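1. Got a predicted structure plus its sequence, pasted below:
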Amino acid sequence: MTMKTTRYPILMTILLLLSVWSIHACRTEPTAAYPADAAYFPLETGRVADYLVTEERYSLSQPPQITSYQLRERTGQAYLNATGEVAYRLHRYRRTGEADAWQPDSLWSAYRTNVKAYRIERNVTRCVLAFPIFEGQRWQTDFAYPQRNAAFLRNIHESFNVLGKTYRQTITVVETDDSTLVGQHRQLAVYAPAIGLIYRQNIHLSFCTDTPDCIGRHQIDYGIRQTFQLINYGKE
């Protein structure tokens, strides 16, 4: 009887410890290991950001085509991706104007580590931010083309105006900034703390080089100039 009474509390103690360990081992804490600078790339289920997108498309066969539309990005439920990181699906919707209903556009995803922030866009993984945040911080953005992708940070903690609203403590990521006699390629993004992306510019233009008269005049043959501007943000 003595042996049985001493084993029982010991067994219960072991089971209790195993239960506590199991709870902590299985619980996911997405923000536990992230630095404070990760606030520039917030990821949380239910977050919504609406953007005004303006596109100028150029071609040799027709005049420039200028269009605008609204893009909504909603952060979905968290899940574990193939590398074991906590990731979030980004549900993207599009509409022409305020009076129109949102229509499904695409499904992307995003995740963070304690040193990098990633977006998976059209099945391509891109590193969009690196931590810690400091002027001149550099990193590789696209692992498929390392020879031509080296983003860097500038304008650290400066104010930035978008559609008449001023955002403070922003950072600017320059992914590409190349302008020559034959073309211009520029990609940059501006982030605000606790908000994320507030502005993005994509420029890919090819200039005329067919005749001596047009060389060096930045006469556009074809390409696109695209901007994303934050309209509003919040959480559903």
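-> Arrived safely.

2. any idea how far the nearest residue to residue 205 once chain neighbours are set aside is from residue 44?
-> Excluding its sequence neighbours, the residue lying closest to residue 205 (C-beta to C-beta, 6 or more residues apart in numbering) is residue 223, at 3.6 Å. Where you see a C-beta, it was placed from the backbone N, CA and C, and this is true even at glycine. For residue 223, the distance to residue 44 (C-beta to C-beta, to the nearest Å) stands at 36 Å.

3. more crowded one of those two?
-> Higher neighbour count among residue 223 and residue 44: residue 223, with 17 against 11, using other C-beta atoms under 10 Å.

4. Report how many residues lie close to residue 203.
-> Neighbours of residue 203 (other C-beta under 10 Å): 20.

5. where does it land on pLDDT?
-> Each residue has a pLDDT score; the one for residue 203 is 97.

6. before we move on, what SS does it have?
-> Recorded secondary structure, residue 203: strand (DSSP: H, G, I helix; E, B strand; the rest coil).

7. Run a quick neighbour tally on the residue nearest to it when sequence neighbours are not counted.
-> Counting by C-beta to C-beta, 6+ apart, residue 186 is the residue found nearest to residue 203 once chain neighbours are left out, at 4.3 Å. Other residues within reach of residue 186, judged by other C-beta under 10 Å, total 16.

8. Can you list the strands that the helix or strand hosting residue 186 pairs with?
-> Element membership of residue 186, judged by DSSP states H and E, is strand 183-192. Paired strands of strand 183-192, with direction, are strand 165-179 (antiparallel), strand 196-207 (antiparallel) (DSSP bridges).

9. Give the rounded mean pLDDT of that strand.
-> Mean pLDDT, computed over strand 183-192, is 96.

10. Can you show me the CA trace of it as PDB?
-> The C-alpha trace of strand 183-192 is given here as PDB (Å, rounded to 0.1, in the frame of the first residue of the first chain):
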ATOM      1  CA  GLY A 183      15.700  53.200 -70.400                       C
ATOM      2  CA  GLN A 184      14.600  53.800 -66.800                       C
ATOM      3  CA  HIS A 185      13.900  51.200 -64.200                       C
ATOM      4  CA  ARG A 186      12.900  52.300 -60.700                       C
ATOM      5  CA  GLN A 187      11.200  50.400 -57.900                       C
ATOM      6  CA  LEU A 188      10.800  51.900 -54.400                       C
ATOM      7  CA  ALA A 189       8.400  51.400 -51.500                       C
ATOM      8  CA  VAL A 190       7.700  53.500 -48.500                       C
ATOM      9  CA  TYR A 191       6.600  51.900 -45.100                       C
ATOM     10  CA  ALA A 192       5.100  53.500 -42.000                       C
END
